[in-house]
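In: take a look and give me a structure for this.
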Amino acid sequence: MPEFVGAVDQGTTSTRFMIFDHDGAEVAKYQLEHEQILPKSGWVEHNPIEIWTRTAAVIQSTMQRAGLHDGDLVTLGLTNQRETTVVWNARTGRPYYNAIVWQDTRTDRIAAELERDGRGQVIRDRTGLRPEAYFSGGKIQWILENVDGVRADAERGDAIFGTTDTWTLWNLTGGVNGGVHITDVTNASRTMLMDLTTLDWDDELLSFFGIPRAMLPEIRPSADPTGYGATVRQGPMAGEVPITAILGDQQAATVGQVCFAPGEAKNTYGTGNFLLLNTGPDPVRSQSGLLTTPAYKFGADPTIFALEGSIAVTGSAVQWLRDQLHIITSAAQSETLARQVDDNGGMYFVPAFSGLFAPYWRADARGAIVGLSRYHTDAHLARAALEAICYQSRDVVEAMQRDSGVVLDVLKVDGGVTANDLCMQLQSDILGVPVSRPTVSETTALGAAYAAGLAFGYWADTGELRAHWAEDRRWEPRWSEDQREEGYAGWKKAVTRALDWAG
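Out: Residues are numbered from 1 along each chain as shown. Okay, the predicted model is just below:
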């Protein structure tokens, strides 16, 4: 009998495949990075072909390392970077253009136009989002308007769109030979094209962007016992393994952190930070710069919604220190370097490389390092980068408290940056609440596996999943209240220095 559940986690900087057992424990994993393509300031792209080949490679390597075969897996879940946009030819399987990544700001003007003429309020009311370059609708419009032949092919039904879940699923299930063109409610909700009430594409919203409906995938639940009507048909796992769950990465982490009750929240530390608060079956409209988003939809059960605070640049700021400034050689070294100083020395780093997301939503912002003197060293910069992760999270926590009335007594954290003990201590200090990391920190993949296993019947219910959650480490605040408020006031002042740079 099969014993394990697999999860593809197609992220912003890498793709991993993980295998979990019935206790929710990690059995095996393998991960590969892909290239970050930066053609112009504010432009961020990925090669979709590279993403697919990396996906196939990590599945194969993980299975081999674990000594497993297709028949050892009960089912498969899929999670992904969300708003990143791929348009490809359904007949040839070739992308028309690189994937335009969620961080990309080239569509600022499209978003600003929507806001100026009143269409922005329609988008807010129907989608729970704001007109921003962050989301997929403007990226699809840009490709239709700027890449030769795409518009005509889209009108014929040959050019199709998907976020990376759809692109990966289409390839896994056969590609040009019958690949399914499907997404789930969590990913569809990040396009500015789906109505939160109907959970379907909205024709008026499509008209705002000039997008033919035939381009779009079918919207399905996040967990589906039918396996979306297809099994893995190509790549290293071409067998009878059904794919029974699709979730955007932040919603998957919400499931992985077993935030199944209203008022439960998690913060995922990856390329960016994303804090989601479960608000139950009724969407809560934010007045404080947050997003209203589906958290998950399991089969025929009601959709569960969340408030989300999206932060564009956190872990990728550390990657910038490594890849662009070369002051560290690995992400882990950021902690070693930052520990050489006791504080930031009055220096702040606002990593607004793609503007500022929640709660500011300022596309005109750009990165700024302020308060510099000759006293400061690379260690101060490394510490300021870690503090920026934590201060941005405090901005979102405060907005969430205003919208929901929920005051956190502990912050559940997950994602790669949580391996940085100094950063997590700083997060506790800056928030003034304990920070709790689970035993399995890669909860994005775990959540995709949980959703797939629930749909398949591998796990009986969410109560069984709750029993698997265990704390690995907890950080308690050490800063005084005066120290906390003085540091935060400095951060808020630094943010004002990062505004009004991009027209």
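In: and D482, what helix or strand is that in?
Out: D482 belongs to helix 481-497 when assigned by DSSP states H and E.
In: give the buried residues for that helix.
Out: Neighbour counts over helix 481-497 (16 or more other CB atoms under 10 Å) mark 484, 487-488, 490-491, 494-495 as buried. In short, each C-beta sits where N, CA and C put it, glycine included.
In: surely C259 and K266 touch.
Out: Yes. Contact between C259 and K266 holds when scored by CB atoms under 8 Å: they sit 5.4 Å apart.
In: and I143, helix, strand or coil?
Out: Look at I143: counting by DSSP: H, G, I helix; E, B strand; the rest coil, its state is helix.
In: related to what we said a few turns ago, common neighbours of C259 and K266, please.
Out: Common contact partners of C259 and K266 (CB atoms under 8 Å, 6 or more residues apart in numbering): 276, 412.
In: if we can go back for a sec, who touches the helix holding D482?
Out: The contact list for helix 481-497 (CB under 8 Å, 6+ apart) reads 346, 348-350, 356, 360, 365, 368, 370-371, 387-388, 391, 394, 429-430, 432, 477, 479.
In: go with 6 Å
Out: Contacts with helix 481-497, where a contact means CB atoms under 6 Å, 6 or more residues apart in numbering, come from 348, 350, 368, 370, 391, 432.
In: same deal with stretch 282-291?
Out: Stretch 282-291 is touched from outside by 129, 196, 292, 305, 307-309, 358-359, 361, 399, 402-403, with contacts defined as CB under 6 Å, 6+ apart.
In: and the two most separated of those residues?
Out: Within the contacts of stretch 282-291, L196 and R402 form the most distant pair, 21.2 Å apart (CB to CB).
In: these two - which one has more neighbours?
Out: For L196 versus R402, the count of surrounding residues by other CB atoms under 10 Å is larger for L196: 20 against 14.
In: the more buried one against G128, yeah?
Out: Yes. Under the criterion of CB atoms under 6 Å, L196 makes contact with G128 at 5.3 Å.
In: what is the neighbour count of R126?
Out: Residues near R126, counting by other CB under 10 Å: 18.
In: mind listing what it touches?
Out: For R126, the contacting residues are 195, 202, by CB under 6 Å, 6+ apart.
In: just the buried ones out of the contacts of stretch 282-291, please.
Out: Neighbour counting over these (16+ other CB under 10 Å) leaves 129, 196, 292, 305, 307-309, 358-359, 361, 399, 403 as the buried ones.
In: could those residues go into JSON lines alongside secondary structure and pLDDT?
Out: Below are the buried ones among the contacts of stretch 282-291 laid out as JSON lines (DSSP: H, G, I helix; E, B strand; the rest coil; pLDDT from 0 to 100):
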{"residue": "L129", "secondary structure": "coil", "pLDDT": "95"}
{"residue": "L196", "secondary structure": "coil", "pLDDT": "96"}
{"residue": "T292", "secondary structure": "strand", "pLDDT": "94"}
{"residue": "F305", "secondary structure": "strand", "pLDDT": "96"}
{"residue": "L307", "secondary structure": "strand", "pLDDT": "94"}
{"residue": "E308", "secondary structure": "strand", "pLDDT": "93"}
{"residue": "G309", "secondary structure": "strand", "pLDDT": "93"}
{"residue": "A358", "secondary structure": "coil", "pLDDT": "91"}
{"residue": "P359", "secondary structure": "coil", "pLDDT": "94"}
{"residue": "W361", "secondary structure": "coil", "pLDDT": "91"}
{"residue": "A399", "secondary structure": "helix", "pLDDT": "93"}
{"residue": "D403", "secondary structure": "helix", "pLDDT": "89"}
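In: now flag whichever of these is closest to D421.
Out: G309 (23.5 Å).
In: residues in contact with that closest one?
Out: G309 makes contact with 275, 290, 358, 396, according to CB under 6 Å, 6+ apart.
In: do a quick rundown of the helices in the stretch 151-300 of the chain.
Out: Taking DSSP state H, counting those that start in this stretch as the test, the helices found in the stretch 151-300 of the chain are 164-172, 185-188, 203-209, 249-256.
In: adding distance to P95, write the buried ones among the contacts of stretch 282-291 out as CSV.
Out: As requested, these are exported to CSV (distance: CB to CB, whole Å):
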residue, distance to P95
L129, 25
L196, 29
T292, 31
F305, 32
L307, 34
E308, 28
G309, 31
A358, 30
P359, 34
W361, 30
A399, 36
D403, 38
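In: of those, closest to R190?
Out: If you rank the buried ones among the contacts of stretch 282-291 by distance to R190 using CB to CB, L129 comes first, at 7.5 Å.
In: ok, that closest one to V413 distance?
Out: For L129, the distance to V413 equals 25 Å [CB to CB, to the nearest Å].
In: if we can go back for a sec, now, the contacts of helix 481-497 that are in helices?
Out: Judged by DSSP state H, the contacts of helix 481-497 include Y391 as members of helices.
In: the contacts of helix 481-497 in strands, which ones?
Out: 348, 350, 368, 370 (DSSP state E).
In: now the residue lying farthest from the centre of the chain: which helix or strand?
Out: In the chain, R374 marks the outermost C-alpha relative to the chain mean, sitting 37.6 Å out by CA atoms, centre = their mean. Taking DSSP H and E as the definition, R374 sits outside all helices and strands.
In: coming back round to it: V407: which of the helices of the stretch 151-300 of the chain is closest?
Out: The closest of the helices of the stretch 151-300 of the chain to V407 is helix 249-256. By CB to CB, the value is 19.2 Å.
In: picking that back up, which one of the ones in strands among the contacts of helix 481-497 sits closest to R16?
Out: When the ones in strands among the contacts of helix 481-497 are compared against R16 (criterion: CB to CB), the nearest one is V350, at 29.8 Å.
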